[in-house]
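[1] below is the structure, and that's it, no one-letter string:
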């Protein structure tokens, strides 16, 4: 586990404070789901806790449970909204584990048979991302 402190200026902390815009899909008192602006597939979203934690390794168990309950809810909505054939869930921890933003987060990526995931780090079309976010939000069930 890292001894590095939580960085209150990471991009997801800025989104939570409203200092940076996002395409919100779902929000409650504990978690936020928004669209990834560098999507690896149609409908790629992120689920993050509102609690400040770097990753799974330092998150409290109830934070992990809330994030994953929401990820499951979003995954079910994504299957419906995009007529997906499957879902990829990704979660990275620390540099060696592939983590780039040091705020615990889960990727929910709709998948389609025969379609490979897009490359990482490529900015998506903002109009398409917004439309996909609205479609995903409209498929969420309580």
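    Perfect, I can see it now. Keep in mind the model is a prediction, meaning the values are calculated, not measured. Numbers count the residues shown, from 1 in each chain.
[2] so which residue is smack in the middle of the protein?
    With distances taken as CA atoms, centre = their mean, residue 46 lies nearest the centre of the chain, 0.8 Å away.
[3] which other residues reach the helix or strand harbouring that one?
    Secondary structure from DSSP states H and E places residue 46 in strand 45-49. Defining contact as CB atoms under 8 Å, 6 or more residues apart in numbering, one finds that strand 45-49 is touched by 12, 15-16, 25, 30-36, 59, 63, 66-67, 70-71, 74, 78, 103-108, 133, 136. (Each C-beta comes from the backbone N, C-alpha and C, glycine too.)
[4] so residue 77 sits in a strand?
    No: counting by DSSP: H, G, I helix; E, B strand; the rest coil, residue 77 is located in no strand; its state is helix.
[5] could you report the pLDDT at it?
    For residue 77, the model assigns a pLDDT of 98.
[6] check contacts around it.
    136, 139-141.
[7] okay, those residues in TSV with neighbour count, distance to residue 21 and secondary structure next?
    Formatted as TSV, the contacts of residue 77 follow (neighbours: other CB atoms under 10 Å; distance: CB to CB, whole Å; DSSP: H, G, I helix; E, B strand; the rest coil):
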residue	neighbour count	distance to residue 21	secondary structure
136	25	17	helix
139	17	22	helix
140	17	20	coil
141	7	26	coil
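[8] lowest-confidence entry in these?
    Lowest confidence among these: residue 141, with 83.
[9] okay, that one and residue 15: tell me how far apart.
    The gap separating residue 141 from residue 15 is 24 Å, by CB to CB, to the nearest Å.
[10] so for stretch 56-68, mean pLDDT?
    Rounded mean pLDDT across stretch 56-68 is 97.
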